[in-house]
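> Model the following, please.
(chains A, B, C and D)
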2 protein chains.
Amino acid sequence: MIEYQNLNEPVYLKVKEMIISGELKQGEKIVQEKIAEALGVSRTPLMRALLALENEYLVESIPRRGMFVRSLGQKEIFDIYVCREALEGMAARLLALSSDKTAVKELRDCFSCFLSQKEIDLQVYAKADEKFHSLLIKLTGNLPLDKIYFFGNIHEKVISRGLLRPPEETLGEHAKIIDAIEKGNADNAEKFAREHIEKSRILLLNQ
Amino acid sequence: MIEYQNLNEPVYLKVKEMIISGELKQGEKIVQEKIAEALGVSRTPLMRALLALENEYLVESIPRRGMFVRSLGQKEIFDIYVCREALEGMAARLLALSSDKTAVKELRDCFSCFLSQKEIDLQVYAKADEKFHSLLIKLTGNLPLDKIYFFGNIHEKVISRGLLRPPEETLGEHAKIIDAIEKGNADNAEKFAREHIEKSRILLLNQ
DNA sequence: TAATTGTTTTTTGTATACAAAATACTGTTT
DNA sequence: AAACAGTATTTTGTATACAAAAAACAATTA
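I've put the predicted structure just below:
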């Protein structure tokens, strides 16, 4: 009496976590049977997860050799930031052009709790920051954009654990982006969103 | 005596072609065993192909119900154009900022054969146009951008077979983009690249 | 006849079996 | 001891088997 629902999602999430947490190291070969056994499933659903992760750029497949945890070099992280710049910039523009301004409230809510406090918990702020950037994309309602953007997460989740820049610096930048969206100033919204990411990108380059 | 190399690629290409050619209609359910048999393979390599196609947005998976050929509505095509605008715009910017200007020659070569002729073969021009837009991305050397851009192909290959606008109109626009890249004028390169796609997008909206 | 229920068929999701390729190992030769 | 060849082991790629879910069908009832 075998009983299952879709192993799909849980296996995918677990393997992803193993990569992000470093349990599976960069460049390491993923021996399918080994991981499958560790997760208590067969190779079939594991393979499905690995293929999804390959498309997310976390895993690399070399035919007849196996699947490897992808290692991201400096250049690639930089390149990902360039993509984010293009996509988040466009997202900010779209939101500014949209007549429905409920998005503004949601975006502001990400940071509202930090405005009244003196000491900001960096852990909490990092979460809020991540949410803000995801929301920026999601609220556009542009599904292809949303799907494409998955790549942007790579950096946030894999490389820079913690923030690149302090809240005092970025809080104001976020506000500027939101204000421009609210005013319907598409050019500024895009410009500020881009500059915001560019600053982190430049910083990344000099370290 | 079973003999095989990777069925992976050929199966993927065949299924993709079946979708693009319309042999598998939009919204149609893909019965795995049926297609697998038609291709002379088992469900395993077919599944791999379907997952890749799912990530390319050509196929949609509904758990426990099956895989379906994705149908693209007007809004989604429009949304894809918005993504292209952001990505190709950024690509043009990157090329303009790059000191290596060999890209310019390659881009110009796409259309060089049309400059001296009176009558332009639309079929040939469509090919050149597709090449130009792919090259724009590829020449940046930004791998994540390249991977992300795959989505852009959806439109070219699935929906609009043939061109949206006549060569007389677009030939000049292409030249303007290339010129700006050559001059190292990043702002103009991005602006022209965007306007070029935006014009098609607007046209799409009014039909 | 329409609706509902029970049964059969189909199809998915998963596990497993097995051939060929890749890798690790062993023993021999230099 | 290093290099090599030949063999054994591991691991991938594919096919297949089978249980559970879904869909199709049939039969019964209102």
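> and the most centrally placed residue in chain A, what does it touch?
In chain A, the centroid-proximal residue (C-alpha atoms, centre = their mean) is A:Asn153; its distance is 1.7 Å. Counting by C-beta atoms under 8 Å, 6 or more residues apart in numbering or on different chains, A:Asn153 touches A:Ser134. All C-beta atoms are positioned from the backbone trio N, CA, C, and that covers glycine.
> what inclination does the lowest-mean-pLDDT helix or strand in chain A have with respect to helix B:143-154?
Taking mean pLDDT, DSSP states H and E as the measure, the helices and strands of chain A show their lowest mean at helix A:143-154, namely a mean of 87. Interaxial angle, helix A:143-154 versus helix B:143-154 (axes from the mean of the first three to the mean of the last three C-alpha atoms, to 10 degrees): 170 degrees.
> And the residue nearest to the centre of chain A, how far from DNA strand C?
For A:Asn153, the distance to DNA strand C equals 24 Å [C-beta to the nearest atom of the strand, to the nearest Å].
> Kindly report the same for A:Glu56.
For A:Glu56, the distance to DNA strand C - C-beta to the nearest atom of the strand - is 18 Å.
> Is that residue in contact with A:Tyr149, as I believe?
No - judged on C-beta atoms under 8 Å, A:Glu56 makes no contact with A:Tyr149 at a distance of 11.2 Å.
> With neighbour numbers in mind, choose between these two.
Comparing A:Glu56 with A:Tyr149 by other C-beta atoms under 10 Å in any protein chain shown, the one with more neighbours is A:Tyr149, at 23 against 18.
> Skip the chain neighbours and tell me the closest residue to that one.
Using C-beta to C-beta, 6 or more residues apart in numbering or on different chains and skipping the chain neighbours, the partner closest in space to A:Tyr149 is A:Ile137 (4.7 Å).
> Neighbours of that neighbour, how many?
24.
> helix or strand for it, which one?
Assigned by DSSP states H and E, A:Ile137 belongs to helix A:122-138.
> Can you spell out the domain ranges of chain A, please?
With domains defined by automatic domain parsing, chain A comprises A:8-69, A:74-205.
> Figure out which of those is closest to B:Ile30.
Taking C-beta to C-beta, domain A:8-69 is the member of these nearest to B:Ile30, at 15.7 Å.
> can you give me the end-to-end distance of that closest one?
For domain A:8-69, the first and last residues are 19 Å from each other (C-alpha to C-alpha, to the nearest Å).
> on that earlier part again, adding distance to B:Ser200, write the domains of chain A out as a markdown table.
Shown next, in a markdown table, are these (distance: least, C-beta to C-beta, whole Å):
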| stretch | distance to B:Ser200 |
| --- | --- |
| domain A:8-69 | 27 |
| domain A:74-205 | 16 |
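> which one of the ones you listed lies closest to B:Leu122?
Across those, closest to B:Leu122 is domain A:74-205 (C-beta to C-beta), at 27.2 Å.
> So which of the domains of chain A is the most surrounded?
domain A:74-205 (a mean of 18; mean count of other C-beta atoms under 10 Å in any protein chain shown).
> Other residues contacting the helix holding A:Ile137?
Identification of contacts with helix A:122-138 by C-beta under 8 Å, 6+ apart yields A:84, A:87-88, A:91-92, A:95, A:103, A:106-107, A:110-111, A:113-114, A:145-146, A:149, A:152-153, A:156, A:162-163, A:167, A:170, A:174, A:177, A:193.
> Quick one: mark the members of these that sit in helices.
Counting by DSSP state H, those place A:84, A:87-88, A:91-92, A:95, A:103, A:106-107, A:110-111, A:113-114, A:145-146, A:149, A:152-153, A:167, A:170, A:174, A:177, A:193 in helices.
> Residues of chain A that sit close to DNA strand C?
Counting by C-beta under 7 Å from any atom of the strand, the residues of chain A close to DNA strand C are A:2, A:4-8, A:40-45, A:48, A:64-65.
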